[in-house]
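A.B. asks: Return atomic coordinates for the entry below.
(one chain, ligands or ions: 1)
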Amino acid sequence: MNEISNETRFLHAVEMGLGAWQWGDRVIWGYKPGESDKGIREAFDMSLSMGVRFIDTAEVYGSGRSERLLGQFLKETEQPALVATKFFPMPWRLTKGSVLRALRGSLERLGLEPVDLYQVHWPSPLMSPETVMEGMAICVKEGLTRTVGVSNFGESRMLRAYSTLAQQGIPLASNQVPYSLLNRDVEKNGLLARCKELGIRLIAYSPLAQGLLTGKYSIENPPPGLRGSTYASLLRKLPPVIKALQEIAQNHSKSVSQAALNWVICKGALPIPGAKNAAQAEENAGGAGWRMSDDEIALLDKVTDTIR
Ligand SMILES: NC(=O)c1ccc[n+]([C@@H]2O[C@H](COP(=O)([O-])OP(=O)(O)OC[C@H]3O[C@@H](n4cnc5c(N)ncnc54)[C@H](OP(=O)(O)O)[C@@H]3O)[C@@H](O)[C@H]2O)c1
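C.D. replies: Take a look at the predicted model:
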């Protein structure tokens, strides 16, 4: 493994984060202005009180509402938090200067300067990894972000981003990708191993498979909205996974969700489960601070090996 740089060391020390996509998104997550805000605020407070202080948002979540809500919460708490947000490569954004302008917008909504991690949300056919990373490097040099990450980057694009930043003496801090018991692509395509080798923190999004790994959904009781149809075939394959998670959870006096999140931690990644209320935030925080056994990891690996 490459030595972890001093600038990115804090990210390797974080075991569990909190995702804030739900905070403002109506399409997938059914956010209702006003109505949903109390639960979200309580999720934020609970997470910080449980020691979960790395919070992931993006300029596009709720068209800026997630960043605004987070900014408001941060202003009203004494507790320290680490904030990660993301640049979206919209088709009209073609230059490195657009990265800087977008980050300034995020900082204004968040009421912060700098953020702890600035990530490019998706690769773009219109903006090369080199151009985006040159923009990111300017953001670091201007003191607008402490560190730089990518998201949804496969190995070859990630290496291009890594090299571009390295030429400017800046480490690539992270790659945020989908990773859960129901999506183990990063293990199978070598991305997780490559990240470990290069000292890049793999941040696991949708670590609860958007709620499927909590045990509360089934083919008879699918998740509401778009998730129900998206996950119809996965829901059929779910029962043996939930059964194995229940067994392991019981061994440790934990819940199914906590066991699912713990498996991600045991694999060496940083899960950032989304939470809409205090109960979810509290439960998710309990996914950290313990380790399942190697046999338990092997059982979950076996049960999920062919699922996708
Ligand atoms: N970089 C990217 O492209 C990208 C893509 C997706 C997500 N993300 C990031 O990753 C974060 C997490 O991913 P995600 O939100 O897609 O999925 P997730 O964390 O796997 O699932 C979150 C959802 O599961 C349910 N849930 C969470 N904890 C629960 C608990 N303890 N008990 C019962 N239900 C619980 C909630 O929905 P219900 O209550 O409605 O079931 C919640 O909204 C996002 O918030 C975002 O920050 C990034």
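
A.B. asks: Against residue 231, how distant is the closest residue to residue 3 other than its chain neighbours?
C.D. replies: Using Cβ to Cβ, 6 or more residues apart in numbering and skipping the chain neighbours, the partner closest in space to residue 3 is residue 199 (6.4 Å). In short, each C-beta sits where N, CA and C put it, glycine included. Residue 199 is 34 Å from residue 231, where distance means Cβ to Cβ, to the nearest Å.

A.B. asks: Which residue of the two possesses the greater neighbour count?
C.D. replies: residue 231 (21 against 18; other Cβ atoms under 10 Å).

A.B. asks: you'd agree that one is up against residue 225?
C.D. replies: No: using Cβ atoms under 8 Å as the test, residue 231 is too far from residue 225 to be in contact (10.9 Å).

A.B. asks: For the protein, what lies in contact range of the ligand?
C.D. replies: Residues of the chain lying close to the ligand (Cβ under 6 Å from any ligand atom) are 19-22, 29, 56, 121, 151-152, 176, 205-211, 214, 216, 223, 257, 272-276, 280, 283-284.

A.B. asks: Mind doing that once more with 5 Å?
C.D. replies: 19, 21-22, 56, 151, 176, 205-206, 208, 210-211, 214, 257, 272-274, 280, 283 (Cβ under 5 Å from any ligand atom).

A.B. asks: Just those: which are in helices?
C.D. replies: Mapping these onto helices (DSSP state H) picks out 257, 280, 283.

A.B. asks: ok, for the second one, nearest residue in space, not its chain neighbours?
C.D. replies: So that's residue 280. residue 43 (6.5 Å).

A.B. asks: Likewise for the first one?
C.D. replies: Leaving out its chain neighbours, the residue that sits closest to residue 257 by Cβ to Cβ, 6+ apart is residue 214, at 4.5 Å.

A.B. asks: what residues does stretch 239-246 touch?
C.D. replies: Stretch 239-246 is touched from outside by 181-182, 213, 215, 218, 256, 259-260, 299-300, 303-304, 307, with contacts defined as Cβ atoms under 8 Å, 6 or more residues apart in numbering.

A.B. asks: Which of these has the largest number of neighbours?
C.D. replies: Busiest of those [other Cβ under 10 Å] is residue 260, holding 30 neighbours.

A.B. asks: Need the per-residue pLDDT for that one.
C.D. replies: On pLDDT, residue 260 comes in at 98.

A.B. asks: what about it, which SS state?
C.D. replies: At residue 260 the chain is in helix, as set by DSSP: H, G, I helix; E, B strand; the rest coil.
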